[in-house]
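Chemist: My questions are about this predicted structure, shown below with the sequence.
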Amino acid sequence: MPFIIETFDKPGHEHLRRAARAEHLAFLEVQAARLLACGAKLSDDGSDAGGGLYLVDVETRAEAERFIAEDPFAKAGLFERVAIQRWRKAYLDGRSYLKPQA
């Protein structure tokens, strides 16, 4: 079952995000098969809002925890907080994954 991972950067640590960004993007490329979606959270004006959101296709919370722990942003100490929640895929890319009720 997929998991949502939401990250919250430490305030004033944009320098860590910039410094680890290339390594983070390389990590995401390697993990692409496990990613349903991911990206940075943005303010309404399009500027960085200090965190990200990942939808990862893993079977257990422990796998989701290992996934985010291996992210170069996490290794750099960027995150103030990480929230992990199981997620039921109802619609993705305009496709329904809901099963008809009997």
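Modeler: Yes, it's here. Residues are numbered from 1 along each chain as shown.

Chemist: all helices for this protein, in order.
Modeler: For the chain, the helices defined by DSSP state H cover 14-30, 61-70, 72-75.

Chemist: would CSV of the ones you listed with mean pLDDT be doable?
Modeler: As requested, the helices of the chain are exported to CSV (pLDDT from 0 to 100):
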stretch, mean pLDDT
helix 14-30, 96
helix 61-70, 98
helix 72-75, 98
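
Chemist: Reformat those helices as CSV; add mean neighbour count and distance to L92.
Modeler: In this view, the C-beta of every residue, glycine as well, is placed from N, C-alpha and C. Shown next, in CSV, are those (neighbours: other CB atoms under 10 Å; distance: least, CB to CB, whole Å):
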stretch, mean neighbour count, distance to L92
helix 14-30, 14, 18
helix 61-70, 14, 18
helix 72-75, 18, 24
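
Chemist: Out of these, which is closest to V82?
Modeler: Closest approach to V82 among the helices of the chain is made by helix 61-70 (5.7 Å; CB to CB).

Chemist: list the helices and strands the closest one packs on?
Modeler: In terms of contacts (3 or more CB pairs under 8 Å, 6 or more residues apart in numbering; DSSP states H and E), helix 61-70 is packed against strand 3-9, strand 48-56, strand 79-86.
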